[in-house]
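>>> please work out how this folds:
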Amino acid sequence: MKILVIADIHGDFQTLEKILDKSPEPDLVVCPGNFTDAFKLPPEFSQLDIADLILQKLLSLGKPLLCVPGNHDPPETLDLFEDYKINLHAKLKPFKGLQFLGYGGAHTPFNTLFEPTEEEVKEALNSLSNSVKNPLVLVVHNPPKNTKSDQLSSGKHVGSQAIRDFILAKKPILTLTAHIHEAAGQDILGGTVIFNPGPAFQGKFGLVEIGKTIKCKTLKLQ
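Residues are numbered from 1 along each chain as shown. Below you'll find the predicted structure:
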């Protein structure tokens, strides 16, 4: 199975178009959040307008799409996800022999729009845990704490302990994440592959191949 991973678009429609034109053909597209940017908004457009345009462009590939919101995305983005039948936030969905579980948002110092507390993350994941069946793919905006994926350029780790605990308990084969722009790349946590493709607004995206092994690659527009 090939999964195209596009994260942290931040409303950059033109760069997204270029990524979709250059991307390999996948079986599934997964977007771990930040379709919009709370601090950069074109005149006369709402964030929901931008999110809708981005989602329509992603759907134009004609491939199955699964999404969770990022911290910049307004909560009403979930209504769009539901309308398009692509919502993975706080849900479990099967796809070609795998289970996908998603949870979006991230706590930040910047008072952005979708910032669940650690307790809310823990409660949501625990409420789904009894229904989890391996092989599981976890899709989260906020990376697990104390990994390469949650490390700022300063060296500080800013990810989620609740997500880390869930990964260690449920052992997904793969976790797709985003949020920390400088932390693109791969790590391993308790046997789980952690992959952040990097921000799409910088021309970065990811391709994951799941077979006997899991291969993750960050690609970048030239």
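>>> now do the spatially most central residue of the chain against L4, distance only.
In the chain, the residue lying closest to the centroid (CA atoms, centre = their mean) is P32, at 1.2 Å. For P32, the distance to L4 equals 12 Å [CB to CB, to the nearest Å]. Bear in mind the C-beta positions are built from the backbone N, C-alpha and C, glycine included.
>>> quick check: T175 touching L138?
Yes: in this structure, T175 is within contact of L138 by CB atoms under 8 Å, at 4.4 Å.
>>> now for these two: what residues contact both?
Common contacts of T175 and L138 (CB atoms under 8 Å, 6 or more residues apart in numbering): 163, 167, 192.
>>> among those, name the ones in strands.
T192 (DSSP state E).
>>> ok, H179 touching H10?
No: assessed by CB under 8 Å, H179 is found out of contact with H10, at 11.4 Å.
>>> among those two, which residue is more densely surrounded?
H179 (28 against 23; other CB atoms under 10 Å).
>>> need the contact list for that one.
H179 is in contact with 7-8, 32-34, 70-71, 106, 141-143, 150, 196, counting by CB under 8 Å, 6+ apart.
>>> now do 7 Å
Going by CB atoms under 7 Å, 6 or more residues apart in numbering, H179 touches 70, 106, 141-143.
>>> which stretches of this structure have low pLDDT?
The chain contains no residues with pLDDT under 70.
>>> all helices for it, in order.
13-22, 47-59, 77-84, 118-129, 161-170 (DSSP state H).
>>> closest one to K217 among those helices?
helix 13-22 (13.4 Å; CB to CB).
>>> what angle do that closest one and helix 47-59 make?
10 degrees (axes from the mean of the first three to the mean of the last three CA atoms, to 10 degrees).
>>> neighbours of L80, just the number please.
21.
>>> all strands for the protein, in order.
Using DSSP E, strands in the chain cover 2-5, 28-31, 65-67, 91-95, 98-103, 136-140, 174-176, 185-189, 192-196, 204-210, 214-220.
>>> JSON lines for the contacts of H179, including distance to S46 and neighbour count?
Formatted as JSON lines, the contacts of H179 follow (distance: CB to CB, whole Å; neighbours: other CB atoms under 10 Å):
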{"residue": "G70", "distance to S46": "16", "neighbour count": "29"}
{"residue": "A106", "distance to S46": "22", "neighbour count": "29"}
{"residue": "H141", "distance to S46": "21", "neighbour count": "30"}
{"residue": "N142", "distance to S46": "24", "neighbour count": "31"}
{"residue": "P143", "distance to S46": "28", "neighbour count": "31"}
